[in-house]
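*Asks:* show me how the following folds:
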Amino acid sequence: MSSLPSLLSSKDIAPSERLIFALDVPTTDEARRLVGRLGDAVRFYKLGLELSMAGGYFELVDDLIAQDKMVFVDLKFFDVPQTVQRAVARLDGRGISFTTVHGNENILEAACSAKGDVKILAVTVLTSLDEGDLRDLGFQCSPKELVLSRARRALAVGCDGVVSSGLEAPELRRGLGENFLVVTPGIRPVANVDDQKRTVNVEQAFHNGADYIVVGRPIKEAPDPRAAAEAIQQTIAGVFSG
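*Replies:* Purely as a prediction, here's the structure:
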């Protein structure tokens with residue numbers, strides 16, 4: 001833990017909703033089985049690109065919402081502004097909480113113009129990328145600098161928040177304040193051995209300023225996924241109990 005002061009979120013969010021489980025499985029049938037297995041240990045689900053290719057994506061969205069679950073449509077919309085605008089408009093009125101958009105100000109602004117009751121999260125820098133990867137992509141800056149620059153522009157055009165590593169969350173909070181959401185993936189409760197490079201643990205993420213964390217493999221690949229989710233929920237409850 002850093003010796004710097006905690007940047008713990010003070011937003012009115014139930015602790016049990018601050019854990020978002022990444023439902024990254026190949027079929028909707030498998031997704032439903034996993035949701036059933038997790039039961040009330042998880043309230044909030046992220047449905048990403050893999051499931052979107054399986055068929056039945058929005059039927060699953062509707063099923064989850066009918067079960068009083070919260071849904072994050074993580075499709076990272078990135079296309080010409082008008083196409084993004086029309087795609088985002090299709091999400092309104094379905095009970096979806098968040099969706100992600102990638103791209104420049106025009107793309108983000110188009111998404112925000114059509115968001116309705118869905119909160120728009122701007123993608124900053126994927127947690128699988130480090131400074132070397134950014135150099136390969138042509139960026140002559142650190143991940144922190146790029147995250148802060150992209151977040152500042154996203155918020156200026158009306159995005160509700162950003163997706164950011166917990167390593168950059170403190171810079172976002174100190175530089176841009178409290179009035180936006182920070183959703184942090186790349187959470188690794190134990191030593192990291194996969195493709196995520198910019199990771200933090202549960203406590204670090206929240207003390208660094210995250211409002212929500214996204215956890216996938218540490219729950220899905222655990223011997224008992226429900227027990228793993230419950231353990232993370234207990235940690236979150238402890239962080240916010242003070």
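*Asks:* hmm, who's touching the longest helix anywhere in the chain?
*Replies:* Using DSSP state H to define each element, the chain has its longest helix at helix 225-240. Residues outside helix 225-240 that contact it (Cβ atoms under 8 Å, 6 or more residues apart in numbering): 8, 15-16, 18-19, 21, 34, 37-39, 41-42, 189, 202-203, 206-207, 213, 215, 218-219, 222. Just so you know, the C-beta spots here come from the backbone N, C-alpha and C atoms, and that holds for glycine as well.
*Asks:* mind doing that once more with 6 Å?
*Replies:* Residues outside helix 225-240 that contact it (Cβ atoms under 6 Å, 6 or more residues apart in numbering): 15, 18, 19, 37, 38, 41, 42, 202, 203, 206, 219, 222.
*Asks:* what does stretch 172-192 give?
*Replies:* Residues contacting stretch 172-192 (Cβ under 6 Å, 6+ apart): 7, 121, 127, 148, 151, 155, 160-161, 163-166, 169, 196, 198-199, 201-202, 205, 209-215, 218.
*Asks:* now do stretch 26-43
*Replies:* For stretch 26-43, the external contacting residues (Cβ under 6 Å, 6+ apart) are 16, 17, 21, 23, 25, 54, 56, 60, 70, 226, 229, 230.
*Asks:* now do 7 Å
*Replies:* 16-17, 19, 21, 23, 25, 50-51, 54, 56, 60, 64, 69-70, 225-226, 229-230, 233 (Cβ atoms under 7 Å, 6 or more residues apart in numbering).
*Asks:* ok, of those residues, which come out buried?
*Replies:* 19, 21, 23, 25, 51, 60, 64, 69-70, 225-226, 229-230, 233 (16 or more other Cβ atoms under 10 Å).
*Asks:* take those residues and write them to TSV, including distance to residue 104 and pLDDT.
*Replies:* What follows is the buried ones among the contacts of stretch 26-43, written out as TSV (distance: Cβ to Cβ, whole Å; pLDDT from 0 to 100):
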residue	distance to residue 104	pLDDT
19	31	98
21	30	98
23	29	97
25	32	96
51	27	96
60	31	98
64	32	98
69	33	98
70	29	98
225	38	97
226	41	98
229	36	97
230	41	97
233	37	97
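*Asks:* can you get me a residue count around residue 40?
*Replies:* The local packing of residue 40 (other Cβ atoms under 10 Å) involves 11 other residues.
*Asks:* give me the spatial nearest neighbour of residue 222, chain neighbours excluded.
*Replies:* Spatial nearest neighbour of residue 222, excluding adjacent residues (Cβ to Cβ, 6 or more residues apart in numbering): residue 228 at 3.6 Å.
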